[in-house]
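Visitor: Mind looking at a prediction? Sequence and model below.
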Amino acid sequence: MSLVRENPQNLKGIPREQRTREMSREAFERTYGKDKTDFSVISALSDPALVLQVFREQDDPQKIHRLMSVLHLNRRLVTEEVALEAVRKDAGVLYDIPQTAITPLVADTAVRGDPRMIQWVPRELRTADLCLYAEAAHPELRVYVPDEIANGRNIYSFHRQVDAKLLQPLEYEQYKTLYSGGAVRVNNVWTSVAGEIDCCEVRYDRKAEKLKLRIVEPPGEKKAQPKVAPRKPARGPKL
């Protein structure tokens, strides 16, 4: 403790098993406690609660990224709570988080923040909904969809059927609405029977396992009223 009080950087030279919480707190208060940009002893701390405090106080994504780079030296400090706080502020740091700290909530938060993070989510945590969200934003991310999801009966394989039927991709929320039994409006749908439909209502019939289309008028558009010939004025009696 005397060494840490003399110079907080000395904490790095003390064997990990001999670093106490009191030493960590002392070094922490003499560095980050005085300067919120001083992360010099963060990786040497023995108390994850102090690390969590730092992540909660920092909002700049660049600083979150820098903190994760620093913690690469001591990944045991990256707890589930730290991981969640980090991806909430910078989803892109998921690749630097140890897999032991990636929970379903951490994975979901990261992918919702940046769909490209699906590639860093452990395969066992990739859900059909999460894969759909990522691919709807970036179609090229389909390569990260596990085969058991792509070939299963779920919302992800459902969206493939919808695309094949409508010959166009929809928005993520539209797939969710259809899958839950709601209806969505889609423009310029081509059918073999009616040809191209300017606007139609699409609904999924779960019992028949089929999409049903109903032609509707596009919003703000009214049918043209038939023209009516003006009536001739009645003629009065001849004088």
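Guide: Yep, it's here. Numbers count the residues shown, from 1 in each chain.
Visitor: Tell me which helix or strand Cys199 sits in.
Guide: strand 195-205 (DSSP states H and E).
Visitor: what residue ranges in this protein score low on pLDDT?
Guide: Within the chain, the stretches with pLDDT under 70 are 192-195, 218-239.
Visitor: can you rerun that using 50?
Guide: Along the chain, the parts satisfying pLDDT under 50 run over 224, 239.
Visitor: Point to the residue nearest the middle of it.
Guide: Arg112 (0.9 Å; C-alpha atoms, centre = their mean).
Visitor: can you list contacts of the helix or strand hosting that residue?
Guide: Element membership for Arg112, per DSSP H and E: helix 104-113. For helix 104-113, contacts defined as C-beta atoms under 8 Å, 6 or more residues apart in numbering pick out 80, 83-84, 87-88, 90-91, 94, 97, 117-118, 120-122, 125-127, 130, 133-134. No exception for glycine: its C-beta is placed from N, CA and C like everyone else's.
Visitor: Go through these and flag which are in helices.
Guide: Mapping those onto helices (DSSP state H) picks out Glu80, Ala83, Leu84, Val87, Arg88, Leu130, Tyr133, Ala134.
Visitor: Nearest to Arg142 among those?
Guide: When the ones in helices among the contacts of helix 104-113 are ranked by distance to Arg142 (C-beta to C-beta), Ala134 comes first, at 8.5 Å.
Visitor: Tell me which residues touch that closest one, please.
Guide: Applying C-beta under 8 Å, 6+ apart, the residues near Ala134 are Val111, Pro115, Arg116, Ile118, Leu141, Tyr144.
Visitor: Over to Gly33?
Guide: With contact set as C-beta under 8 Å, 6+ apart, Gly33 has no partners.
Visitor: three-state assignment of it?
Guide: When classified by DSSP: H, G, I helix; E, B strand; the rest coil, Gly33 comes out as coil.
Visitor: Just want to check the distance between it and Ser40.
Guide: In this view, Gly33 and Ser40 are 12 Å apart by C-beta to C-beta, to the nearest Å.
Visitor: Run through the helices of the protein in chain order.
Guide: Going by DSSP H, the chain shows helices at 2-6, 21-30, 48-57, 61-70, 80-89, 104-113, 128-137, 147-150, 155-166, 172-179.
Visitor: if we can go back for a sec, please indicate which of the contacts of helix 104-113 are buried?
Guide: Those of the contacts of helix 104-113 that meet the buried threshold are 83-84, 87-88, 90-91, 94, 97, 117-118, 120-121, 125-127, 130, 133-134, by 16 or more other C-beta atoms under 10 Å.
Visitor: Of the ones in helices among the contacts of helix 104-113, just say which sits nearest to Leu211.
Guide: Closest to Leu211, out of all of these and judged by C-beta to C-beta, is Tyr133, at 21.1 Å.
Visitor: Check the contact between that closest one and Pro115; I expect there is one.
Guide: Yes. Between Tyr133 and Pro115 there is a contact at 6.3 Å, judged by C-beta atoms under 8 Å.
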